[in-house]
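**Q** Starting from these lines, generate the structure:
(2 chains)
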Amino acid sequence: MTPDPASQHDQSLHNYNFAYLDEQTKRMIRRAILKGLAIPGYQVPFASREMPMPYGWGTGGVQVSAAILTPEDTFKVIDQGADDTTNAVSIRSFFERTAGVVTTTKTAESSVIQTRHRIPEEPLTDDQILVYQVPIPEPLRFLEPRESETRKMHELEDYGLMHVKLYEDIARHGHIATSYAYPVKVEARYVMDPSPIPKFDNPKLSDCPAIQLFGAGREQRIYALPPFTQVISLDFEDHPFQPSKADHPCGLCGAQNAYLDEVIVDDAGGRMFVCSDTDYCETRLAECNQVKEDT
Amino acid sequence: MTPLLSVQCVSKSYGSHIGCADVSFDLYPGEVMGIVGESGSGKSTLLNCMAGHLPPDAGAVYFDTRANGPRDTVCMSEPERRMLSRTDWAFVHQHARDGLRMGVSAGGNVGERLMAVGAQNYGDVRAKATDWLTRVEIAVDRIDDRPTTFSGGMQQRLQIARNLVTGPRLIFMDEPTGGLDVSVQARLLDLMRGLVRDMGLSAVIVTHDLAVVRLLADRLMVMKSGRVVEAGLTDQVLDDPQHAYSQLLVSSVLQV
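**A** As a prediction, this is how the structure comes out:
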């Protein structure tokens, strides 16, 4: 008798461990995470596994999430702030199938949030973990191509080169034009790449009650910020750091202080600015409608 | 007077091959020492051992630090040595490409050392970079151009500016005029002589060009097969060479 395709499919899923990775791998990743938490901002090498998705799609973040997920967790994935783009949807369904955890799009309801290039607008709490997907963990990489040399520079706190990058920005553009992946200094020690989040989000890294974990799958590095870590964006005295955003309110919910995406709406050059954090925008809209209904 | 740099019995070998053997000398503040010799005679090995780029197998290199007096740089910790090489030392490479960041503008190249020792003010860094470009005769409007767009002589001058901006006391030069044409060499030598005299710099210059040492160096060491065969005042060694190899070296120079 041939087994029906549905049960065969279920069977194959049963062959996977909880959250896809085997327990030894998770153990190895957890050790890297603990080391990262003990040395905030330090890049811990780990034996990154092949994941069933291409590099650049969040293989590092997925491995970190898999290592920290428990069956009781509520999981949220955001991609550039949105819960409904390909990357977010596929990673969410990946963990729905391999871990069976509850997923949500609500920031407040989630306990583990995997993010690509944004920090949620809603302040995080001390029972949440934010997992970043990191393409290139080394902030000095484009200035110094040799890994042996960049490691030595971190070891010796030799960070003059980082300011050379900012100097070049000002010399060329008149202001610090780096607008994402803006380098930060963690607890006055390690210079860290906060992953390509907009520099608007940089202040949220500092003194955050949530644990922040960074996973780079291709580059095989994990780093971390424990709760309430001091994170300072590098700058010059006469050109101080400025978190910037488009100078508009959100076209949908009217938020003044949220990071905005520019959306082209027609072929005639029409455009609107909307919150990049879709959950934040929807929550605000729902509240607005609620108030209207009540009155 | 304490010597600024005191090299004591420095030896370095690559396996069974001798890089340099048992070299000792003292360099006093404001003095320029030339090291000449044929290719493979161990000049560059010696220079790299002194500048902390290579660990010598034996011997000591004492440098008279500002804070703590003479310290053996061989036994120093890496952070201390790096600090020295960013502040009190300068190293001019033969190929400007080795000493410059080719992807960074001229101003950024000059400013790097300042920012590495903690300069946090863009205006100050920019002003110092401008000043130094003028001092090495590079037009100020080239400050935002990359060194890739510079000629060989300009690159070499930029490398010198980048090294001298933190006001070092000792400068190591590895064939600074190698690969430049004669007229550019002459200008560069003129410039270096001026800077060395004005700033009261001490220098160790490695070269195989006797004209360079004749112009710049107060004292001269002649090396052959890793050993110093003759040392003395420049004019004395060049005009009255004693060792057979020095005689060969001096007589090999073409007279035009």
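**Q** Name the residues of the stretch 51-200 of chain A found near chain B, please.
**A** A:143, A:152, A:156-161, A:163-164, A:167-168, A:170-172 (CB under 8 Å from any CB of the partner chain). Just so you know, the C-beta spots here come from the backbone N, C-alpha and C atoms, and that holds for glycine as well.
**Q** And for B:Leu164, the neighbour number?
**A** Applying other CB atoms under 10 Å in any protein chain shown, we find 22 residues neighbouring B:Leu164.
**Q** Who are the contact partners of it?
**A** B:90, B:132, B:171, B:195, B:199, B:201 (CB atoms under 8 Å, 6 or more residues apart in numbering or on different chains).
**Q** Quickly find the element holding the spatially most central residue of chain A.
**A** Residue closest to the average C-alpha location in chain A (CA atoms, centre = their mean): A:Tyr132, at 2.8 Å. Using DSSP states H and E, A:Tyr132 sits within strand A:129-133.
**Q** That strand pairs with which strands, and in what direction?
**A** strand A:112-116 (parallel), strand A:211-216 (parallel) (DSSP bridges).
**Q** how about the residues of the stretch 1-150 of chain B that lie near chain A?
**A** Residues of the stretch 1-150 of chain B lying near chain A (CB under 8 Å from any CB): B:78-79, B:82, B:86, B:101, B:103-105, B:107-108, B:111-113, B:115-117, B:119-123, B:125-126, B:143-144.
**Q** Just these: which are in helices?
**A** B:78-79, B:82, B:86, B:107-108, B:111-113, B:115-116, B:122-123, B:125-126 (DSSP state H).
**Q** which regions of the stretch 101-250 of chain B sit below the pLDDT cut-off?
**A** Within the stretch 101-250 of chain B, no range satisfies pLDDT under 70.
**Q** which ones are touching the residue of it found nearest chain A?
**A** Closest residue of the stretch 101-250 of chain B to chain A, CB to the nearest CB: B:Ala116 (2.6 Å). Residues near B:Ala116 by CB under 8 Å, 6+ apart: A:158-161, B:86.
**Q** Sitting in strands, which of those residues do you find?
**A** Using DSSP state E, no member of the contacts of B:Ala116 falls within strands.
**Q** which ones among those residues are found in helices?
**A** A:160-161, B:86.
**Q** Just put those in CSV and tack on distance to A:Gly81, neighbour count and pLDDT.
**A** Formatted as CSV, the ones in helices among the contacts of B:Ala116 follow (distance: CB to CB, whole Å; neighbours: other CB atoms under 10 Å in any protein chain shown; pLDDT from 0 to 100):
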residue, distance to A:Gly81, neighbour count, pLDDT
A:Gly160, 34, 18, 87
A:Leu161, 31, 21, 88
B:Arg86, 42, 18, 88
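**Q** Just name the closest of those residues to A:Asn15, please.
**A** A:Leu161 (48.4 Å; CB to CB).
**Q** Is the closest one in contact with A:Leu140, as I believe?
**A** Yes - between A:Leu161 and A:Leu140 there is a contact under CB atoms under 8 Å: 6.0 Å.
**Q** where do the contact lists of the two overlap?
**A** What both A:Leu161 and A:Leu140 touch, as defined by CB under 8 Å, 6+ apart, is the set A:Met153.
**Q** quick one: the helices in the stretch 151-256 of chain B?
**A** For the stretch 151-256 of chain B, helices defined by DSSP state H, counting those that start in this stretch occupy the ranges B:152-164, B:182-199, B:210-216, B:234-239, B:244-252.
**Q** highest average neighbour count across these?
**A** Comparing these by mean neighbour count (mean count of other CB atoms under 10 Å in any protein chain shown), helix B:152-164 ranks first with a mean of 23.
**Q** related to what we said a few turns ago, is it possible to mark the buried ones in the ones in helices among the residues of the stretch 1-150 of chain B next to chain A?
**A** B:82, B:86, B:107-108, B:111-113, B:115-116, B:122, B:125-126 (16 or more other CB atoms under 10 Å in any protein chain shown).
**Q** where exactly do the helices run in chain A?
**A** Going by DSSP H, chain A shows helices at A:5-14, A:23-38, A:59-68, A:86-98, A:147-155, A:160-173, A:202-205, A:278-294.
**Q** most tightly surrounded among those helices?
**A** Greatest average neighbour count among those goes to helix A:59-68 (a mean of 26), per mean count of other CB under 10 Å.
**Q** Output the contacting helices and strands for that one.
**A** Where contact means 3 or more CB pairs under 8 Å, 6 or more residues apart in numbering or on different chains; DSSP states H and E, helix A:59-68 is packed against helix A:23-38, helix A:86-98, strand A:112-116, strand A:129-133, strand A:211-216, strand A:221-225.
**Q** what distance separates the longest one from the centre of its chain?
**A** Put simply, helix A:23-38 sits 18 Å off its chain's centre (CA atoms, centre = their mean, to the nearest Å).
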